[in-house]
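A.B. asks: Build me a model:
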Amino acid sequence: RRKTMIRIKEAIKHFNENVKDEGMPKMNGKLLGVLTMENNGAFYISNWGNGQHLGKLKPEHINKICEATGVDANFLYGIKSM
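C.D. replies: Next up is the predicted model:
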């Protein structure tokens, strides 16, 4: 069975290269974790990107990741590219 992974690193890269305005801090896993979950967010962002702890991944987290990075869910799940 293939491990499900969401493309968090690619979403962060997309934000830093295409969405981030000058003067804004670069997005990283820690910042995305705070924007997504507040407590323990960086831990889960890292694990979700590696296909772990997916039971904690809820639709509202996907929505927050998409909003924060400027990608959509199809991109996160590898259904389409940007």
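
A.B. asks: Low-confidence bits of the chain, can you list those?
C.D. replies: Low-confidence segments of the chain (pLDDT under 70): 1-4, 82.

A.B. asks: Against which helices or strands is the top helix by length along the chain packed?
C.D. replies: If you go by DSSP state H, the chain has its longest helix at helix 59-69. Where contact means 3 or more CB pairs under 8 Å, 6 or more residues apart in numbering; DSSP states H and E, helix 59-69 is packed against helix 8-14, helix 29-36, helix 41-49, helix 73-76. Placement of C-beta: from N, CA and C, glycine included.

A.B. asks: buried set for the shortest one?
C.D. replies: When burial is assessed from 16 or more other CB atoms under 10 Å, helix 73-76 yields the following buried residues: F75, L76.

A.B. asks: From here on, call the first residue 8.
C.D. replies: Okay, residue one is now 8; in that scheme the one you just asked about reads as helix 80-83.

A.B. asks: That helix - contacts with which helices or strands?
C.D. replies: helix 15-21, helix 66-76.

A.B. asks: So which of those is the most surrounded?
C.D. replies: Among the helices and strands packed on helix 80-83, helix 15-21 has the highest mean neighbour count (mean count of other CB atoms under 10 Å), at a mean of 19.

A.B. asks: Extract the C-alpha set from that helix and format it as PDB.
C.D. replies: Extracted in PDB, the C-alpha atoms of helix 15-21 (Å, rounded to 0.1, in the frame of the first residue of the first chain):
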ATOM      1  CA  ILE A  15       3.700  20.500   2.100                       C
ATOM      2  CA  LYS A  16       7.300  21.300   1.200                       C
ATOM      3  CA  GLU A  17       6.200  22.100  -2.400                       C
ATOM      4  CA  ALA A  18       3.400  24.300  -1.100                       C
ATOM      5  CA  ILE A  19       5.900  26.200   1.000                       C
ATOM      6  CA  LYS A  20       8.200  26.600  -1.900                       C
ATOM      7  CA  HIS A  21       5.400  27.800  -4.100                       C
END
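
A.B. asks: Great, nothing more from me.
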